[in-house]
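Student: Sharing a sequence plus its predicted fold:
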Amino acid sequence: MELQFAADSPPLHAIAAAKIAAISLNVKPSLPSGSPPSLLLETGKKLRGANVILRYIGRISSLPGFYGRDACQMSQIDEWLDYAPTFSSGSEFEGACSFVNEYLLLNTFLAGFSLSVADIAVWTALAGAGLRWESLRKSKKYQNLVRWFNSISAEYDAELSEFASTYLGKRGFAKVAASKSKEHQASNSRPNTVENGETAGTRAFEVDLPDAEIEKVKLRFAPEPSGYLHIGHSKAALLNQYFAERYQGQVIIRFDDTNPDKESSEFVDNLLKDIETLGIKYSAITYTSNYFPQIMEMAEKLIHEGKAYVDDTPREKMQQERMDGIESRCRNNSVEENLKLWKEMITGTERGLMCCLRGKLDMQDPNKSLRDPVYYRCNLTPHHRIGTKYKVYPTYDFCCPFVDAVEGITHALRSSEYHDRNDQYYRIQTDMGFRKVHIYEFSRLNMVYTLLSKRKLLWFVQNGKVESWDDPRFPTVQGIVRRGLKIEALIQFILEQGASKNLNLMEWDKLWAINKKIIDPVCPRHTAVIEERRVLLILTERPEDPFVRILPKHKKYEGAGEKAVTYSNRLWIDYADAESISINEEVTLKDWGNTIVKEIKKDENGIVTQLVGVLHLEGSVKKTKLKLTWLSDGNELVRLTLVDFDYLITKKKLEEDEDFTDVVNPCTRTETSALGESDMRNLKRGDVIQLERKGYYRCDVPLIRPSKPIVLFAIPDGKQQTAAK
């Protein structure tokens, strides 16, 4: 094939794509200046246009997914090809960098899970920008974009170095370092890693799953349906998704429903809702209870093989014997006796209810989890899915290695709190005769002043300390979203923690600071005045009649819309502002101008009750100390309830045996009545706004009728919150 083009405008992306795809082109810069490139095919047919040629190369390439794996990915690629020329516009270059940088926060490639012509188009657009891109590449401004650019540069160093020296040498392109990372040299089955320009999140994630192969990794996220998803679970869920995408594998959702005392369909439904909120893409939903017949067969098989026995030792005594390494008197019962008692357990007889099934492992092992753990217990509570069909239920320690193996899980991600149980997991799988499932550990996410135990969270619900599992004081996904957290912030926060095994106690401030960066550029601005002791400012000379102006809700973001603001000679201001003003002081009324306060009226207790002033619109707003927010007096104002929250406990971190009820915070919710501007009557539940000079808020209850106030929940902004006491 012959590629013809004008010497001053080579189709860089098509040439680079052909190099990477090992497609031979006879390159001829023979066309007149300004001519579109053309590709002469061996059939004699000719294709014209840079993107047309690039698409053709993508289609004929043998590289998987080079032009997408399905119609959706192909359409995404087409979008990126249309977008790439934006980088050639000087005025739009940094805006385009910012856009792609944000997109690459949660994506390794621009379309799908492997390199495509979309990546080549944007990569060559940046490389062709010369010194402008090189200066940004050395900065920390667009770290996701730089990470992506460097990764492609390193992976295809040989092809791109030759391309760069031929077509970009005069444009100041900094040649990619010749050496590739050790990971690239070691195995083609491993995803790219980069050495420079990565974010904290990508650094933390640059670890490999053991023996992982592209398109063969299968993971599971297995919550117990005994509560709502909380921030700790979110880390596990997002880690599973991250590795599934990285290795082009899959994640299944498995509900570990083996304890009918704690579980319910309500929790299943809400866990699925939370998983959807997090954007987890899963290939299937399964339940451990689906495998109860097979798990029971396995238990009986182990009894026959002498690898499990039925024990009727009282629970407290059994626990002590395990601590002391003392064998149970039932440990050496015959297979026949064990099978007899096992059937008593299955039918739930009085005798059976006294027993449990234990694995016969090693009572002398220093790792106490291997000292004959319990495999099955009796439980007569109806199961939320299968009712009273079963009287015995497997423990997590027994069913987890079984179901992982049966479902074809290649890697089980578990928090490091389970570290001592890893040997137990492998031993049980060996006794069952299954292949080994790799365990990958990560550190549990712990937050200051926060309880993540579902048992403890349930106590707050049952004792009326919170409204429900979605209470904004709760660390559940629904709770923090109701508080005003954007899921993008949670995902970024967790990605920055990565797959590290280091145990850390994280501050909430960092999460809320990320959230602020997301909401501040776009959320509408409104004005409110605290109702208690609010003070009337009367302007004596003008305006004579009220008038209305249409103002932007966000001066830097047109998409926030507009609002109607009423101006008059009777203005409400906050008491805190009123008491800080002196006679004859000039102050600024925001979005209006200056006024000079001529008179301050107080009651017999010295409380400011009214201010009198005159407009001085000619005055300089730069010279005034006070910039006041205000509301024009009138019937159109709406009533507000501003709600602030505090931590549920008063101690940053509980000791292991400390009773959490001793540190319960007695006051965790405060409400303040306020008045808001008329436009706020249009707020919807979930809307995030900024009340100027007060902070960010999420609308929890919109205006339903005038007698009921709008309820706004305060959103922390990342500044140190008031410590619970």
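Tutor: Perfect, I can see it now.
Student: roughly how far out does stretch 94-105 sit from the chain middle?
Tutor: Relative to the centre of its chain, stretch 94-105 is centred 18 Å away, using Cα atoms, centre = their mean, to the nearest Å.
Student: can you give me the strands for the stretch 451-600 of the chain?
Tutor: Assigned by DSSP state E, counting those that start in this stretch, the stretch 451-600 of the chain shows strands spanning 504-506, 525-526, 528-530, 535-539, 547-552, 562-567, 570-573, 586-589, 593-602.
Student: now do the stretch 251-400 of the chain
Tutor: Using DSSP E, counting those that start in this stretch, the strands of the stretch 251-400 of the chain run over 284-287, 308-311, 356-359, 374-378, 392-394.
Student: Looking at these, which is nearest to T670?
Tutor: Nearest of the strands of the stretch 251-400 of the chain to T670, taken as Cβ to Cβ: strand 284-287 at 41.0 Å. Quick note: C-beta positions are derived from backbone N, CA and C, even for glycine.
Student: other SSEs contacting the closest one?
Tutor: Packing partners of strand 284-287 (3 or more Cβ pairs under 8 Å, 6 or more residues apart in numbering; DSSP states H and E): strand 250-255.
Student: Give me the residues contacting the strand it packs on.
Tutor: Contacts to strand 250-255, defined as Cβ atoms under 8 Å, 6 or more residues apart in numbering, come from residues 217-225, 240-241, 244, 268, 271-272, 275, 280-289, 403, 407, 409.
Student: which one of the strands of the stretch 451-600 of the chain is the most hemmed in?
Tutor: Sort those by mean neighbour count, taking mean count of other Cβ atoms under 10 Å, and strand 528-530 sits at the top with a mean of 23.
Student: Can you tell me the strand partners of that one and which way each runs?
Tutor: strand 669-676 (antiparallel) (DSSP bridges).
Student: Give me the spatial nearest neighbour of T258, chain neighbours excluded.
Tutor: In space, and not counting its chain neighbours, T258 is closest to Y393: 5.1 Å by Cβ to Cβ, 6 or more residues apart in numbering.
Student: Return the set of residues that bridge with that neighbour.
Tutor: Beta-bridge partners for Y393, by DSSP bridges, are R377.
Student: Tell me the spacing between it and E2.
Tutor: In this view, Y393 and E2 are 71 Å apart by Cβ to Cβ, to the nearest Å.
Student: Who has more neighbours out of these two?
Tutor: Set Y393 next to E2 and count neighbours by other Cβ atoms under 10 Å: Y393 wins out with 22 against 14.
Student: Confirm for me that the more buried one is in contact with R377.
Tutor: Yes: with contact defined as Cβ atoms under 8 Å, Y393 counts as touching R377 (6.2 Å).
Student: tell me, what's touching those two both at once?
Tutor: Here Y393 and R377 share no contacting residue, scored by Cβ under 8 Å, 6+ apart.
Student: Tell me where the stretch 101-250 of the chain has strands.
Tutor: Counting by DSSP E, counting those that start in this stretch, one finds strands in the stretch 101-250 of the chain at the ranges 218-221, 250-255.
Student: so which of these gets nearest W512?
Tutor: Using Cβ to Cβ, those put strand 218-221 closest to W512, at 25.7 Å.
Student: elements contacting the closest one?
Tutor: For strand 218-221, the packing partners by 3+ Cβ pairs under 8 Å, 6+ apart come out as helix 231-246, strand 250-255, strand 411-415.
Student: Mean pLDDT added to the ones you listed, as CSV?
Tutor: Below are those laid out as CSV (pLDDT from 0 to 100):
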stretch, mean pLDDT
helix 231-246, 90
strand 250-255, 96
strand 411-415, 93
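Student: now the strands of the stretch 451-600 of the chain in CSV, with mean pLDDT and distance to R315?
Tutor: What follows is the strands of the stretch 451-600 of the chain, written out as CSV (pLDDT from 0 to 100; distance: least, Cβ to Cβ, whole Å):
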stretch, mean pLDDT, distance to R315
strand 504-506, 82, 33
strand 525-526, 96, 59
strand 528-530, 97, 57
strand 535-539, 96, 67
strand 547-552, 94, 67
strand 562-567, 94, 65
strand 570-573, 96, 66
strand 586-589, 96, 72
strand 593-602, 95, 71
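Student: Select, out of those strands, the one closest to N422.
Tutor: strand 504-506 (21.1 Å).
Student: so what secondary structure elements neighbour the closest one?
Tutor: Here strand 504-506 touches strand 445-447, going by 3+ Cβ pairs under 8 Å, 6+ apart.
Student: contacting residues around the strand it packs on?
Tutor: Strand 445-447 has contacts (Cβ under 8 Å, 6+ apart) with 231-232, 234-235, 452, 475, 494, 497, 503-508, 653.
Student: Also stretch 406-415?
Tutor: The contact list for stretch 406-415 (Cβ under 8 Å, 6+ apart) reads 209-212, 216-220, 232, 236, 239-240, 243, 249, 252, 254, 286, 291, 294, 400, 404, 422, 425, 434, 437-444.
Student: Over to that stretch now: how far is its first residue from its last?
Tutor: Using Cα to Cα, to the nearest Å, the end-to-end distance of stretch 406-415 comes out at 22 Å.
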